[in-house]
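Engineer: Predicted coordinates and the sequence they were generated for:
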Amino acid sequence: MTEPLLDIQGLVKAFGALRATDGVALDVLPGETHAIIGPNGAGKTTLIAQLAGDLRPDAGRIRFAGEDITPLGAAARSHKGLARSFQITSVYREFSALDNVALAVQAHAGHSFRFWRAAQSEEVLHGPARAILDEVGLGSRAQVLAANLAHGEQRQLEIAMVLATRPRLLLLDEPVAGMGADESQRMVQFLGTLKGRQTIVLVEHDMDAVFTLADRISVLVYGRVIATGTPEEIRTNREVRAAYLGEELED
Amino acid sequence: MRARLVLLIVGIAFLALAPLVATAFDQLFYIDLLRRVMIFAIAALSLNLILGYGGMVSFGHAAYLGIGGYAVAILAHHGIHNGFLQLGVAVGASALVALVIGAISIRTSGIYFIMITLAFTQMLYFLGISLDAYGGDDGLRLAARSDLGGLVDLGNSTAFYYLVFAVMIAFLYLIHRIVNSRFGMVIRASNSNEARTRAIGFSPYPYRLAAFVIAGAMCGVAGYLFVNHTAYLTPDFMHWTRSGEIMFMVILGGIGTSVGPILGAFVLLLLEDLLSGMTGFVGQHWQLFIGLFLVLVVLFAKRGLAGLLPGAQRND
């Protein structure tokens, strides 16, 4: 069996009396798309925040590529190869789409204590940034301010920023949330093209997206993983159906 | 864009020619006035780097005006008049103090950041008052203006004017370079969206601290010029109302705009001069009218006065 890329053991995070993450154990294999689903309030976003380094867990351990990254903050984890998208679109609204992506490239191109040369004139930043914008289908919108992009385009831009850090693991927090049917389909299609090339942890409410993309699914309920398995196993798991999915999986 | 460039050139030409016109009409007072305004414009430019671009609302920027001033006055008091040495000490001491204040305050944000920067500056203000050897509360007459050798004679009002003018233009350009560099992009990105900035792999802290130190050092230069301008040092250089005044200039002129701080300094100080010189009700209550004016600008001009200039929709 291959060594997991991400290995989570006994993760606990409590907010007062509420144990939002209650002893989560989970592993993500290299190259797989691992979806995390669960009803509202199951603790999915809290879990992602701990994986990304935005929240410090109360207990437990997160190993990434064989290394314990539990004490590291978000920036340090980004340099280890973790990259996240946010549930609520998080881009630099007053920068152009190209500058948004170029900043993500810049973050992984040495230190930024360079005070004189205009960053916008640096082909080493803007060349790769343009290529990634093309890849996600925003090539023609490179010079548009992020604030002026449509909602779906902003989500694409965020994926572009995630990819620009050349990650080993993508943490995608509801990438199709708030998208129209067309946009959402295009996004799922695009994420499908990453499958196999990238290891992805996908938190998503949209079951079509989950069952299209996931190699394995973990079901989170009240801060605990109640089941992990292939889409087929999850579809037929009695506990999962009882706890959560029910009729949604009937078809 | 072109209209902006024309305005900028007209403004620079006006300031370049002002001493000649003032001399021709024998109105030397205006050289002094504009010089003072430009010194504050330098202070406001430096504050704008951290406040406007970096989102760090420092309510203690007058500290560096004071440190620059004290560096010159204390050295001069001990008979050291070498202006280059004084400048080095003024800039070095300002940078060092900014490093200490910044290292602590940048760990906080929002209202705490404002309060900590204010508290540090108040400490320095009271330290100044307690320095009896250097005039204490009353202040200290500058024994002699900084001696810059044959370069510029600061005793010559017009020559001093052009030095201040040159520093202001140089700082305007320097900040323009900084905010568009890799470093500047990190500063602006951290201000725009900190969570996103961490997520793509930046730790904002060292960049913010560096910006804070650069701004402090630049304002130290303003302090150096200011004490040579007044030829008299008092702890009031560092009074919190002074910090507020510099902040007003930035807000009035346009937060995070390149020429905004200069515009703000000119409009605020010239308006002050105009209104306080009037007779009757306006002259007696001029602060009231300044306040009203500020409120109106904040309410109706989103990006300050610079936002009202033609072609201002862009971020520069």
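Structural biologist: Received the coordinates, thanks.

Engineer: Point out where the chain drops to low pLDDT.
Structural biologist: Picking chain A for this. A:1, A:244-251 (pLDDT under 70).

Engineer: looking at chain B here, not the other one
Structural biologist: Short version for chain B, where the test is pLDDT under 70: B:1, B:311-316.

Engineer: Which residue, other than its chain neighbours, is closest to the residue nearest the centre of it?
Structural biologist: A centroid search over chain B (CA atoms, centre = their mean) returns B:Ala43, at 0.8 Å, as the residue closest to the centre. Closest residue to B:Ala43 apart from its sequence neighbours, by CB to CB, 6 or more residues apart in numbering or on different chains: B:Ala222 at 4.1 Å. All C-beta atoms are positioned from the backbone trio N, CA, C, and that covers glycine.

Engineer: residues contacting the one you found?
Structural biologist: B:Ile39, B:Phe40, B:Ile42, B:Ala43, B:Ser46, B:Tyr64, B:Leu65, B:Gly68 (CB atoms under 8 Å, 6 or more residues apart in numbering or on different chains).

Engineer: Could you turn the buried ones of the residues you listed into a PyMOL selection?
Structural biologist: A single PyMOL command is used to select the members of the contacts of B:Ala222 judged buried by 16 or more other CB atoms under 10 Å in any protein chain shown:
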select buried, chain B and resi 39+40+42+43+46+64+65+68
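
Engineer: got the contacts of B:Ala222 as CSV, with secondary structure columns?
Structural biologist: Conversion of the contacts of B:Ala222 to CSV gives the following (DSSP: H, G, I helix; E, B strand; the rest coil):
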residue, secondary structure
B:Ile39, helix
B:Phe40, helix
B:Ile42, helix
B:Ala43, helix
B:Ser46, helix
B:Tyr64, helix
B:Leu65, helix
B:Gly68, helix
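
Engineer: Which of the contacts of B:Ala222 sits closest to chain A?
Structural biologist: Set against chain A, the nearest of the contacts of B:Ala222 by CB to the nearest CB is B:Ser46 (14.6 Å).

Engineer: B:Ala62 against B:Met249, yeah?
Structural biologist: No - B:Ala62 lies out of contact with B:Met249 (CB atoms under 8 Å); the separation is 11.8 Å.

Engineer: all helices for chain A, in order.
Structural biologist: A:44-52, A:74-80, A:97-106, A:123-136, A:151-164, A:181-194, A:207-213, A:231-236, A:238-243 (DSSP state H).

Engineer: follow-up on the earlier one: any shared contact partners between B:Ala62 and B:Met249?
Structural biologist: Common neighbours of B:Ala62 and B:Met249 (CB under 8 Å, 6+ apart) are B:Ala43.

Engineer: which residues of the stretch 101-250 of chain B fall in strands?
Structural biologist: Counting by DSSP state E, counting those that start in this stretch, the stretch 101-250 of chain B has strands at residues B:140-141, B:232-233.

Engineer: Redo those strands as CSV? Include mean neighbour count and distance to chain A.
Structural biologist: What follows is the strands of the stretch 101-250 of chain B, written out as CSV (neighbours: other CB atoms under 10 Å in any protein chain shown; distance: least, CB to the nearest CB, whole Å):
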stretch, mean neighbour count, distance to chain A
strand B:140-141, 18, 35
strand B:232-233, 20, 32
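
Engineer: B:Leu309 is nearest to which of the ones you listed?
Structural biologist: Evaluated over those, closeness to B:Leu309 peaks at strand B:232-233, with 36.3 Å, by CB to CB.

Engineer: Next to chain A in this structure, residues from the stretch 51-200 of chain B, please.
Structural biologist: By CB under 8 Å from any CB of the partner chain, the residues of the stretch 51-200 of chain B that approach chain A are B:177-178, B:180-186, B:188-189, B:192-193, B:195-200.

Engineer: among those residues, which ones are buried?
Structural biologist: Looks like those have B:178, B:180-186, B:188-189, B:192-193, B:196-200 buried, using 16+ other CB under 10 Å.

Engineer: in terms of contact, does B:Ile106 touch B:Ala210 like I think?
Structural biologist: No - using CB under 8 Å, B:Ile106 makes no contact with B:Ala210, being 10.2 Å away.

Engineer: Compare those two (neighbour count), which wins?
Structural biologist: Set B:Ile106 next to B:Ala210 and count neighbours by other CB atoms under 10 Å in any protein chain shown: B:Ile106 wins out with 23 against 20.

Engineer: how much space between the closest residue to the more buried one other than its chain neighbours and B:Ser46?
Structural biologist: Using CB to CB, 6+ apart and skipping residues adjacent in sequence, the residue nearest B:Ile106 is B:Arg208, 5.0 Å away. Separation of B:Arg208 from B:Ser46 (CB to CB, to the nearest Å): 15 Å.

Engineer: which ones are touching A:Tyr222?
Structural biologist: Contacts for A:Tyr222 (CB under 8 Å, 6+ apart) come out as A:Arg19, A:Asp22, A:Ala42, A:Gly43.

Engineer: Would you tell me which one of those comes nearest to A:Leu5?
Structural biologist: So of the contacts of A:Tyr222, ranked by how close each gets to A:Leu5 (CB to CB), first place is A:Gly43, at 21.8 Å.

Engineer: that older thread, just flag the most distant two among the contacts of A:Tyr222.
Structural biologist: A:Arg19 and A:Ala42 (11.8 Å).

Engineer: give the contact list for A:Gly73.
Structural biologist: Here A:Gly73 is in contact with A:Gly53, B:Arg198, B:Ser203 (CB under 8 Å, 6+ apart).

Engineer: Now distance to B:Ser276 too, for those residues, in TSV please.
Structural biologist: Shown next, in TSV, are the contacts of A:Gly73 (distance: CB to CB, whole Å):
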residue	distance to B:Ser276
A:Gly53	55
B:Arg198	48
B:Ser203	47
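
Engineer: From these, pick the one nearest B:Ala301.
Structural biologist: For the contacts of A:Gly73, the nearest to B:Ala301 is B:Arg198 (32.9 Å; CB to CB).

Engineer: so what's that closest one closest to, chain neighbours aside?
Structural biologist: A:Ala74 is the one closest to B:Arg198 (CB to CB, 6+ apart), at 4.0 Å.

Engineer: ok, the one you found touching B:Arg196?
Structural biologist: No - using CB under 8 Å, A:Ala74 is not in contact with B:Arg196; the gap is 9.9 Å.

Engineer: mind checking how far B:Gly54 is from B:Gly260?
Structural biologist: For B:Gly54, the distance to B:Gly260 - CB to CB - is 15 Å.

Engineer: Name the residue of the stretch 201-316 of chain B that lies nearest to chain A.
Structural biologist: B:Gly201 (3.4 Å).

Engineer: quick one: that residue and A:Leu82 touch, right?
Structural biologist: No - the criterion here is CB under 8 Å, and B:Gly201 misses it with A:Leu82 at 9.6 Å.

Engineer: which one of the two has more residues nearby?
Structural biologist: Each of B:Gly201 and A:Leu82 has its neighbours counted (other CB under 10 Å); A:Leu82 has more, 29 against 23.

Engineer: Many thanks, have a good one.
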